[in-house]
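**Student:** no letters, just coordinates:
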């Protein structure tokens, strides 16, 4: 008991502890005895969207005691990424519907942004909602797809990372021959009709 | 450039919840609660203890589940704008379902009250039933609830404005008013000369006001959780969906009371 | 005090820009003031709407504070006094009514299909013997 108290008194006097106390985002939600256990492992900071590289950059310093925190002070995780983006005019989750201002052609397709290997695009024709939604899958291998209902052409514009960290090393060192698409009738038509 | 950092984050705003034991535990607790209550009501010996245990369990599991939701929203930042919209919609739909629940209760009341049967003396309240004077405690209770609506609005505006003291005081006063309301309803119940088994009047009266009282208690707990999260710095000026839902729920309870006061207490006096 | 602080802020900002060290700049920004808006926040619809919400709350919260004090408290006192008077009147009236045993108990009163599972099986939950009475020998 006495030992603990002196230890905590010592800790209170040391500047390091004062520092962590000031950093703690939700200062009064945990009891004092747990302070060490729950103290943040890292210092919170307010970064701009460009400075955010990973999840560790999404910890904010929190509010000062006695004030109402703002979202900028305290929001964390994906919520913070979205917030910081929007505050700088960047909508990171582009949830707008597919561009239906015109009908895409092979020469001038509708561009669909996608950060992954595949992207679904729901075509409802031109003008919008003129047919039931048709889900088109554009991928990095086959970026162009054509709606079977109305002939609208969509094209994937890949905006993800140049090298996907999840993409390779899937076979864990074992050697497998690369997957080859089996030949179909489409491979024997005139080259003019080949998929572009 | 915009999407440079996206590889480290999910590229959709939705919260795909992780597996949780609480739905199963909640179902089990509720199943035990209903079963035990039915058996208790049918006079099986000792089942009041199982009812108490099940009530405790339901509340306990709810607390654990809500703790997880609070962690996800406040500490993990999973509640993006789209997730918040979904939660808001859920609260709205829940309140709409509650509206229809109370609609059924009012229907039962008016069914009996608008054309009181000849066995009741063809009058409402029935012969021999002394209804509560609506200008006594019920009027005070109406004032209490309307006042709590004012104070919670002050608290909410203070929260958005960034005035911590105002938000805390406003919420505390609201909760005090709510507790006083519940207390006065209890007083009224215990001094009223009719009981729940005194004709259809008693049944409808206690059916309506009883369920309203239950909702007041739940709403008070809702606001109390909001108060705790306010004091614990969970709530920010723009992200306080739980608190806002508590306020919405409180206003709903308030409106139900106004309808109860007008139709059951005042018109039915 | 304020000019000094502003001056300090200005000089620090200048220093940040010169060194362009993001970590240091955020620390200094944090310890400087919470009110200072970071310069990278642009003027767009999202931020304007948030500011408008905040502005609306700030401009009306004083009205609600005044209502909470100057309308709620008098109403509560008035309602409380009125309730107290009617309460006293009610019990005054109650004392002049015939005793509970002598009042007519109609067949639809105190309906008992089976015993309640608590107490002696005859009393409802909010039973108060001063105001509630069950005549078990009634005809129906």
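**Tutor:** Here it is on my side, so go on. The structure displayed is predicted, hence computed values, not measured ones. Residues are numbered from 1 along each chain as shown, chains lettered A, B, ... in the order given.
**Student:** so where's chain A shaky on pLDDT?
**Tutor:** Scanning chain A for pLDDT under 70 picks out the ranges A:1-35, A:38, A:40, A:163-175, A:196.
**Student:** which non-adjacent residue is nearest the residue of it found nearest chain B?
**Tutor:** For chain A, the residue closest to chain B is residue A:77, as judged by CB to the nearest CB, at 2.1 Å. Every residue, glycine included, has its C-beta placed from N, CA and C. The shortest distance from residue A:77 to any non-neighbouring residue, by CB to CB, 6 or more residues apart in numbering or on different chains, is to residue B:77 (2.1 Å).
**Student:** repeat for residue B:39
**Tutor:** residue B:47 is the one closest to residue B:39 (CB to CB, 6+ apart), at 4.6 Å.
**Student:** with residue B:105 instead?
**Tutor:** Here the residue nearest residue B:105, using CB to CB, 6+ apart, is residue B:208, at 5.0 Å.
**Student:** now swap in residue B:218 and tell me
**Tutor:** Using CB to CB, 6+ apart, the closest residue to residue B:218 is residue B:249 (7.7 Å).
**Student:** what is the mean pLDDT for the helix or strand hosting the one you found?
**Tutor:** Residue B:249 is located in helix B:241-260, with elements delineated by DSSP states H and E. For helix B:241-260, mean pLDDT rounds to 97.
**Student:** contacting residues for the residue of chain A closest to chain B?
**Tutor:** Residues counted as contacts of residue A:77 (CB atoms under 8 Å, 6 or more residues apart in numbering or on different chains) are A:55, A:58, B:76-78.
**Student:** before we move on, what about residue C:69?
**Tutor:** Contacts of residue C:69 (CB under 8 Å, 6+ apart): none.
**Student:** how about the one 3 residues further on?
**Tutor:** For residue C:72, the residues meeting the contact criterion (CB under 8 Å, 6+ apart) are B:147, B:150-151.
**Student:** right, and the residue nearest to residue A:77 touches residue A:80 too?
**Tutor:** Yes. Using CB atoms under 8 Å, residue B:77 is in contact with residue A:80, at 5.5 Å.
**Student:** quick check: neighbours shared by the two?
**Tutor:** residue A:58.
**Student:** helices or strands next to the helix holding residue B:249 in the packing?
**Tutor:** helix B:81-114, helix B:137-161, helix B:199-231 (3 or more CB pairs under 8 Å, 6 or more residues apart in numbering or on different chains; DSSP states H and E).
**Student:** what about it, distance to the chain center?
**Tutor:** From the chain centre to the centre of helix B:241-260 is a distance of 7 Å (CA atoms, centre = their mean, to the nearest Å).
**Student:** ok, now stretch B:125-133?
**Tutor:** 29 Å.
**Student:** that one: which residues count as buried?
**Tutor:** Burial within stretch B:125-133, assessed by neighbour count using 16 or more other CB atoms under 10 Å in any protein chain shown, is assigned to B:125-126, B:128-129, B:131-133.
**Student:** give me the domain ranges for chain A.
**Tutor:** Split into domains by automatic domain parsing, chain A comes to A:2-87, A:94-164+A:191-196.
**Student:** next: chain C.
**Tutor:** C:1-41, C:42-97, C:104-140.
**Student:** ok, of the ones you listed, where does mean pLDDT dip lowest?
**Tutor:** The minimum mean pLDDT among the domains of chain C belongs to domain C:1-41 (a mean of 49).
**Student:** what is the neighbour count of the residue nearest to residue A:77?
**Tutor:** A count of neighbours around residue B:77, defined by other CB atoms under 10 Å in any protein chain shown, yields 24.
**Student:** hang on, it in a strand?
**Tutor:** No. Counting by DSSP: H, G, I helix; E, B strand; the rest coil, residue B:77 is not part of a strand but coil.
**Student:** give the contact list for it.
**Tutor:** The contact partners of residue B:77, taken as CB under 8 Å, 6+ apart, are A:58, A:75-80.
**Student:** switch the cut-off to 10 Å
**Tutor:** By CB atoms under 10 Å, 6 or more residues apart in numbering or on different chains, the residues touching residue B:77 are A:55, A:58-60, A:74-83, B:15, B:239.
**Student:** go on, residue B:192?
**Tutor:** Counted by CB under 10 Å, 6+ apart, residue B:192 has contacts B:129-132, B:137, B:198, B:202, B:205-206, C:126, C:128, C:131-132.
**Student:** and the furthest pair within the residues you listed?
**Tutor:** The span of these, defined through CB to CB, is set by B:137 and B:198 at 18.8 Å.
**Student:** ok, longest helix in chain C?
**Tutor:** helix C:72-95 (DSSP state H).
**Student:** now do that helix and helix B:137-161, the angle between them.
**Tutor:** Relative orientation of helix C:72-95 and helix B:137-161, computed by axes from the mean of the first three to the mean of the last three CA atoms, to 10 degrees: 160 degrees.
**Student:** in helix C:72-95, what's buried?
**Tutor:** Within helix C:72-95, judged by 16+ other CB under 10 Å, the buried ones are C:72, C:75-76, C:79, C:83, C:86-87, C:90.
**Student:** do the same with stretch A:134-154
**Tutor:** For stretch A:134-154, a neighbour-count test (16+ other CB under 10 Å) marks A:134, A:136, A:138, A:143, A:145-147, A:152-154 as buried.
**Student:** ranges for the strands of chain A?
**Tutor:** Shown for chain A, the strands assigned by DSSP state E span residues A:110-114, A:118-123, A:134-139, A:144-146, A:153-158.
**Student:** what is the first one packed up against?
**Tutor:** Under the contact definition 3 or more CB pairs under 10 Å, 6 or more residues apart in numbering or on different chains; DSSP states H and E, strand A:110-114 sits against strand A:118-123, strand A:134-139, strand A:153-158.
**Student:** and the contacts of residue C:72, which of them are buried?
**Tutor:** Buried among the contacts of residue C:72 (16+ other CB under 10 Å): B:147, B:150-151.
**Student:** closest one to chain A out of those residues, please.
**Tutor:** Of all the buried ones among the contacts of residue C:72, chain A sits closest to residue B:151, with 17.4 Å by CB to the nearest CB.
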